[in-house]
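Engineer: Give me a model of this one.
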Amino acid sequence: MSSVYTHSNVSFAVSANACDSDLNLAGFQGVASWISVANVGSLPERGINTNMLSYDTVNTLVTKKAKGITDAGTGTLECARDENDAGQAKMTAIGQPNYFNSHAFKMVKQDGTVEYGRGLVSGPASPGGRNEDFDLSNYTIAFQQAPVSNNASGTTTYVVDVHGGVSGFQLVVGGIVTGIIDASETAINVQAAINAVLTGGVTATVTTGTDYNVVFSAPMTLAGIGATIS
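Structural biologist: This is a model prediction of the structure:
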């Protein structure tokens, strides 16, 4: 059964340095320094919205359609004001009207998925309010490219089949057999065995039902029983 998630405990961070060119996943992961933003109450709306164009001809009953320009979205990051927080201070600095550079943004979601974005910031703006309204700082983020996720390739989930009387499976990383794990082993021991051989900062989280479900923190290649992901 598929899991569903909320925005509870999602973290938001801004790059310390400007990022004025489009980045792929490797580019975002290579950003040297991130600054966490505290007291986030609401995450910005984001995602692509493509204009649908229409054209009528004199001899066509139904309007012809085509895709036009795509907008990556504009949303508001809402925070409970904390001028001593380094993340909010950074957002305020890059939100000034005479600052023209884009920055990268990173959100770590409830299931561990990391979503990246890049765009311009304006703000902060305060919505004001009455005596029981919170003192908020709102930052507008105009995204310059579509969101990029470390699950975007669809290769970060791998189910290791242990059915059919198989007593164990070979763990193969980079074409080299690194261990044989018994099919009855606990998920935490399977996780430890996998993480012991992973490199490049990639980690694995393992759960089990009738199978071992292995979720990697970034796309990679792993060969197990009769299957390879890349």
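
Engineer: Okay, residue 20 and residue 141: tell me how far apart.
Structural biologist: Distance from residue 20 to residue 141, counting by Cβ to Cβ, to the nearest Å: 15 Å. Placement of C-beta: from N, CA and C, glycine included.

Engineer: Pick out whichever of those two has more residues nearby.
Structural biologist: Remark: of residue 20 and residue 141, residue 141 carries more neighbours, 27 against 10, as counted by other Cβ atoms under 10 Å.

Engineer: how much space between that one and residue 194?
Structural biologist: Residue 141 is 36 Å from residue 194, by Cβ to Cβ.

Engineer: what does residue 109 give?
Structural biologist: Residue 109 is 22 Å from residue 194, where distance means Cβ to Cβ.

Engineer: The two: which is more packed in?
Structural biologist: residue 194 (24 against 17).

Engineer: Quick check: which ranges of this structure have low pLDDT?
Structural biologist: 1-2, 151-184, 197-200, 209-212, 218-230 (pLDDT under 70).

Engineer: show me where it has helices.
Structural biologist: Here the chain has its helices, by DSSP state H, at 25-29, 86-94, 187-195.

Engineer: for the last one, packing partners?
Structural biologist: This points to helix 187-195. Judged by 3 or more Cβ pairs under 8 Å, 6 or more residues apart in numbering; DSSP states H and E, the packing partners of helix 187-195 are strand 176-182, strand 204-208, strand 212-216.

Engineer: Tell me if I'm right that residue 35 and residue 11 touch.
Structural biologist: No: using Cβ atoms under 8 Å, residue 35 is not in contact with residue 11; the gap is 11.4 Å.

Engineer: can I get the helices of the chain in CSV with distance to residue 40?
Structural biologist: Compiled in CSV, the helices of the chain are given as follows (distance: least, Cβ to Cβ, whole Å):
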stretch, distance to residue 40
helix 25-29, 19
helix 86-94, 9
helix 187-195, 30
